[in-house]
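1. next one to model:
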Amino acid sequence: MKILLAWIGNSDMRAVKPEKPGDKSPILEAMKVFTYDAVHLISTFSKSETDEYIQWAKRNTEIDISVHAARLTSPTNHEEIYRAATQVIKSVQKESPDAALTFHLSPGTPAMAAIWLLLAKTHYPAKLIESSREQGVNEVNFPFELSAEFMPATSRSVGDSLTRLMQGLPPESPAFSDIVHQCAAMKRTIAMAHRLALTNVSVLIQGESGTGKELFARAIHRASTRSANKFVAVNCGAIPESLVDSELFGHQKGAFTGAASDRKGYFEAADGGTLFLDEIGELPLASQVRLLRVLQESEVTRVGATTPIKINVRIIAATHRALPERIQSGLFREDLYYRIAVGVLMLPPLREREGDLTLLIESSLKTINSETITHENKEYKKISVGAKNILLNHSWPGNVRELHNTLVRACIWMTGDTISAEDVREALTVSAVKKGDSVLDLPMKQPINLEEIMSKVARHYLTRAMAQTHANKTEAATLLGLGSYQTLSNWLKRYEIK
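-> Numbers count the residues shown, from 1 in each chain. Alright, predicted model coming up:
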């Protein structure tokens, strides 16, 4: 399937009511010269002007035409043009994943043409065409490859608006300097984390595996008033179920076989500081009951003891699971959830951190070089443009952790001092393939409950949208394509999402 994408330009508008004999629409001329199955146009003109052009164009062609409205503060604002164009491309690729794209450079401003060129040579490979009165419509060949690091970065004004949103608190802090980023989503998340750090409330950090949950937890601790005291990290999913209570709350000598002496638990070890409970969703229900009691009373009773010990610990919990779903399934206590989810952070996955990937590649490579260059015969490792573009177009289901491990493998297998595209391809072959949604692959040897499956999907995405937008119903409704605040409210009520 061949699809043409273009901005509607002034020359296209003039062609509707030509003032001169040579006034032609570059878009329509391209549709006459090349064969397309569909055309997607982006318009900054008013609705009435746009409708007039589309109706005129449809009278002159049988090709299916779709239009996408875009609001720009300036027709030369590269960032806004970039965002509008990529949004349309993503929607087109979602409907037609295998479509061959063509970008028309002539309609619109030079800034719009520049963005089409950058997109075609980086993230979204596409054919480029241009048109003129003298030469007509021709394909444009640019015999070079660009690295996607040249894509427009988030403007400083976005950061400023987020600062105002956070009531004057700077979104950046020395405590968060280890978190490599430049995208607006991470700036907002860091600003919120900074505000939470200045309080003493419990924090729940949610996000996919490899998004940096422990990195955020440590940053919050460093920015808090507890920074001079201990930060204790515990992976709840790695503790055998029979030892969870002993590890968390400690035990007395003789409490069970093997308890040869008194032992402090993680809560006592973190007294005065911060206890990070990673993958808290993996805790068994019996331990959740004891944990809730500890949090409510600010005291811990060791296994085998009867006397409670007062503690002063701040809890930061993290999970890659959707805890509301586990509550619905009876695997997580609702009262414990509300006890730990006072301050909630949703970390965006790497695929949604627009503009951050190049920074993370450079940062990881710098770290790898600092760790491996220990002898004079070790060369500083660089990365080729082709290799970087492969990394930039990978989906990264394992997020930042997968990116770093991929670069480590590429550096091990490479020859010379530059990571090649082939090195990256080989390094990616051992990456775990992201599993498809099991909901779509259920065996049908036995009857399935379709209503229950659809309810599960609805609850999953409703919960994610509310968490990602920090319970802003208007934004969540937009994310889910529900159109309005009221429609979302009806869905939340229907599926009992609080």
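2. list the contacts for the closest residue to A85 other than its chain neighbours?
-> Nearest residue to A85, sequence neighbours excluded (C-beta to C-beta, 6 or more residues apart in numbering): I115, at 5.6 Å. All C-beta spots, glycine's among them, are computed from the backbone N, C-alpha and C. By C-beta atoms under 8 Å, 6 or more residues apart in numbering, the residues touching I115 are H78, I81, Y82, A85, P152.
3. among the residues you listed, name the ones in helices.
-> Residues of the contacts of I115 located in helices (DSSP state H): H78, I81, Y82, A85.
4. next one: E496 from I327, what distance?
-> Taking C-beta to C-beta, to the nearest Å as the measure, E496 falls 10 Å from I327.
5. repeat for F103
-> Distance from F103 to I327, by C-beta to C-beta: 47 Å.
6. and the pLDDT at the residue nearest to A85?
-> Listed pLDDT for I115 reads 91.
7. now swap in D37 and tell me
-> 93.
8. now swap in the one 10 residues further on and tell me
-> pLDDT recorded at K47 is 93.
9. and for it, nearest residue in space, chain neighbours not counted?
-> A69 (7.3 Å).
10. same question, V244
-> In this structure, V244 finds its nearest non-sequential neighbour in S287, 4.5 Å apart by C-beta to C-beta, 6+ apart.
11. and the next helix or strand past the helix or strand bottoming out on mean pLDDT in the chain?
-> Lowest by mean pLDDT, DSSP states H and E among the helices and strands of the chain is helix 156-165, with a mean of 40. Later in the chain than helix 156-165, the nearest helix or strand by DSSP states H and E is helix 184-197.
12. still on that earlier bit, can you tell me the element the residue nearest to V244 falls in?
-> Counting by DSSP H and E, S287 is part of helix 285-297.
13. quick check: which ranges of this structure have low pLDDT?
-> 142-173, 373-378, 431-446 (pLDDT under 70).
14. again, only using 50
-> 148-171, 375-377, 434-437 (pLDDT under 50).
15. now for the helix holding S287, which elements pack on it?
-> Contact analysis of helix 285-297 by 3 or more C-beta pairs under 8 Å, 6 or more residues apart in numbering; DSSP states H and E lists helix 244-249, helix 334-340 as its packing neighbours.
16. how is the chain carved up into domains?
-> Here the domain parsing of the chain from automatic domain parsing is 2-144, 156-350, 356-428, 447-494.
17. contact partners of stretch 46-60?
-> Residues contacting stretch 46-60 (C-beta under 8 Å, 6+ apart): 8, 12-13, 15-16, 25, 27-28, 41, 43, 45, 65, 67, 69.
18. buried subset of those residues as a ChimeraX selection?
-> To isolate the buried ones among these in ChimeraX, judged by 16 or more other C-beta atoms under 10 Å, type:
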select :8,12,13,15,16,25,27,28,41,43,45,65,67
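19. the contacts of stretch 46-60 in strands, which ones?
-> For the contacts of stretch 46-60, membership in strands holds for L41, S43, I65, V67, A69, with DSSP state E as the criterion.
20. quick one: contacts for the last one?
-> By that I understand A69. When contacts are counted by C-beta under 8 Å, 6+ apart, A69 touches I42, S43, K47, T50.
21. and the gap between it and V300?
-> Between A69 and V300 the computed distance is 58 Å (C-beta to C-beta).
22. what's the answer for N490, then?
-> Separation of N490 from V300 (C-beta to C-beta) stands at 44 Å.
23. so the two - more neighbours on which side?
-> With neighbours defined as other C-beta atoms under 10 Å, N490 and V300 compare such that V300 has more, 24 against 12.
24. name whatever forms a beta bridge with the more buried one.
-> Beta bridges link V300 to I309 when assigned by DSSP bridges.
25. so it sits against T307, correct?
-> No. Counting by C-beta atoms under 8 Å, V300 sits too far from T307 to count as a contact (10.5 Å).
26. isn't there a helix covering G254?
-> No. Counting by DSSP: H, G, I helix; E, B strand; the rest coil, G254 is not part of a helix but coil.
27. show me the contacts for it.
-> Applying C-beta under 8 Å, 6+ apart to G254 gives the contacts G304.
28. give me the more crowded residue out of E496 and I327.
-> I327 (18 against 10).
29. kindly provide the distance from the more buried one to L347.
-> 21 Å.
30. and for G212?
-> With C-beta to C-beta as the criterion, G212 and L347 are 6 Å apart.
31. the two - which one has more neighbours?
-> When G212 and L347 are compared for neighbours, L347 comes out ahead with 27 against 23, by other C-beta under 10 Å.
32. quick one: contacts for H40?
-> Counting by C-beta under 8 Å, 6+ apart, H40 makes contact with I3, L4, L5, A6, I65, S66, V67, H68, V88, V92.
33. surely the fifth one meets L41?
-> Read that as I65. Yes. Between I65 and L41 there is a contact under C-beta under 8 Å: 6.6 Å.
34. which of the contacts of I115 sits closest to E475?
-> Nearest to E475 out of those is Y82 (C-beta to C-beta; 21.3 Å).
35. distance of the closest one from A111?
-> For Y82, the distance to A111 - C-beta to C-beta - is 9 Å.
36. which of those two has more neighbours?
-> Y82 (22 against 18).
37. ok, back up a step: what's the closest of the contacts of H40 to K121?
-> Closest to K121, out of all of the contacts of H40 and judged by C-beta to C-beta, is L5, at 15.0 Å.
38. for that closest one, pull up the helix or strand it's in.
-> Using DSSP H and E, L5 falls in strand 2-7.
39. could you give the separation of that strand from the chain centroid?
-> Offset of strand 2-7 from its chain centre (C-alpha atoms, centre = their mean, to the nearest Å): 27 Å.
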